[in-house]
Each structure stands twice: as C-alpha cells, then as structure tokens.
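[1] Here's my sequence, what's the structure:
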Amino acid sequence: MPVARALVPILRDLLATFVFVALFWITDNIFVATAFGMALGLSQTLWTRLRGRAVGPLQWLTLVLITVFGGATILFHEPRFIMVKPSLLWLALGIVLLRRDWMAPYLPPIVTENLDDRVIVRAGYAYATLMFTLAVMNLAVAYAASPKFWSVYALIAPAAGQMVLLLALYFRFRKRIESRIRARAATEPQTARIT
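    Numbers count the residues shown, from 1 in each chain. Just a heads-up that it's a prediction; the model follows:
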C-alpha cells in the first residue's frame with residue numbers, strides 16, 4: 001500500500017498530461033489542447049483554493065508556466081513554446097530537489113528510523129538527477145520530433161522514469177530496512193541474556 005500512496009502524485013500529474021494529449025490527438029490541434037490545458041490549470045488552482053486548501057509552490061509554478069508558455073503558444077502560433085514548458089518545470093524541480101534534506105519529511109518513520117541519512121540524501125539526489133535528465137530529454141524531443149510524437153513522449157517517458165525510480169528506491173529501502181530490523185532482532189536476545 002505505501003507504494004500506491006507514493007504513486008498518487010505521479011498519477012495525478014499524469015492525468016492532466018493524458019487529458020492534454022487526448023484532446024490534442026482528438027482535435028489534431030495543439031492550440032485547442034493548450035487553451036484547454038491553461039483553463040484546466042486555472043480551474044484546478046481555483047478549486048483547491050475554494051476548498052480551503054493551500055496551493056503548493058510547485059502548483060503555482062506549474063500554473064505560471066502553463067499560462068505564460070501556453071499563452072505564447074497561442075499568441076505566436078508556435079507549438080514549441082508549450083513543448084518546452086515541461087523542461088523548465090523539470091529544471092526548477094531538479095534545482096529544488098538538490099536540497100539535502102528535502103526527502104525526509106515525505107518518508108514514514110520506519111524509513112527514517114532504520115536508514116542512514118546518507119542513503120536518504122543519495123535517493124534525493126537521484127530524484128534531482130532524474131529531473132535534470134527529463135528536462136534535457138524533453139528539449140531534445142521537442143526540437144527533434146513532431147508535436148504528435150512529443151505529446152506521446154511527454155505522456156509516457158516522465159511518468160515511466162519516475163515510477164521506475166520510485167519502485168527501485170522502494171525496494172532498495174525495503175531490503176535495507178528489513179535487514180536492519182532482522183539484525184536488531186538477532187542482537188536483542190543476546191543483550192537480554194547478558195543483563
């Protein structure tokens with residue numbers, strides 16, 4: 001169940017991308033899909049505020065980027081603006097994830113109590129590296145491929161990359177935690193006999 005809970009933000013982001021890509025493929029018009037994406041981003045932010053919830057910095061950044069780059073796409077009739085937007089988002093996220101301790105607050109106590117800080121910090125840096133990689137790859141695809149190919153790439157590649165990293169870290173963490181718990185359980189009876 002913890003893996004499913006960790007996948008929720010990725011799937012939520014993927015849903016918005018899926019709607020954009022589906023609309024683009026249905027209408028064959030990136031400008032219509034972009035306008036809808038801008039309206040969707042604005043309505044999600046307003047809905048969050050109306051429900052009394054705080055809008056996080058990443059959601060604000062996403063709204064600003066989709067508005068600015070979506071507006072430029074429509075105004076200048078140039079799809080590359082909206083195609084470059086994810087690279088800026090991945091780059092900004094990568095910079096934020098370079099903070100040494102960003103991951104610890106998101107981890108359950110069993111992880112923070114049983115893993116060395118070095119392991120958690122390296123996992124955080126792995127996420128930052130993935131964000132930078134996604135930024136560069138998106139730029140390459142945006143400039144080398146057609147908008148339709150890019151739309152499929154934008155739907156699949158970032159989500160797949162994040163899920164692969166998440167699962168790899170989950171199973172690595174789990175293995176280390178189970179090993180640490182077994183080692184602690186093996187030494188407890190000896191300690192009890194000595195005292």
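[2] Mind giving me the packing neighbours of the longest helix along the chain?
    Secondary structure of the chain read by DSSP state H shows that its longest helix is helix 147-194. Judged by 3 or more Cβ pairs under 8 Å, 6 or more residues apart in numbering; DSSP states H and E, the packing partners of helix 147-194 are helix 2-27, helix 80-96, helix 109-114, helix 117-144. Using the backbone N, CA and C atoms, a C-beta is placed for each residue, glycine as well.
[3] at 6 Å instead, please
    Applying 3 or more Cβ pairs under 6 Å, 6 or more residues apart in numbering; DSSP states H and E, one finds that helix 147-194 makes contact with helix 2-27, helix 109-114, helix 117-144.
[4] With Leu165 as the reference, name the closest of these.
    Relative to Leu165, the nearest member of the helices and strands packed on helix 147-194 by Cβ to Cβ is helix 117-144, separated by 5.4 Å.
[5] can you pull the buried residues of that closest one?
    120-121, 123-124, 127-128, 130-132, 134-135, 137-139, 141-142 (16 or more other Cβ atoms under 10 Å).
[6] thinking again about what came up before, in JSON lines: the helices and strands packed on helix 147-194, plus distance to Gly161.
    Converted to JSON lines, the helices and strands packed on helix 147-194 look like this (distance: least, Cβ to Cβ, whole Å):
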{"stretch": "helix 2-27", "distance to Gly161": "10"}
{"stretch": "helix 109-114", "distance to Gly161": "22"}
{"stretch": "helix 117-144", "distance to Gly161": "6"}
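[7] How far does the longest helix of the chain sit from its chain's centre?
    How far helix 147-194 lies from its chain's middle: 16 Å, per Cα atoms, centre = their mean, to the nearest Å.
[8] do the same with stretch 120-133
    On the basis of Cα atoms, centre = their mean, stretch 120-133 sits 11 Å off its chain's mean C-alpha point.
[9] Let me know the average pLDDT across the longest helix of the chain.
    Across helix 147-194, the average pLDDT comes to 87.
[10] the inter-axis angle of it versus helix 80-96?
    20 degrees (axes from the mean of the first three to the mean of the last three Cα atoms, to 10 degrees).
[11] Could you tell me the least trusted of the helices and strands packed on helix 147-194?
    helix 2-27 (a mean of 71).
[12] What's the first helix or strand after that one?
    Using DSSP states H and E, the helix or strand that directly follows helix 2-27 along the chain is helix 30-50.
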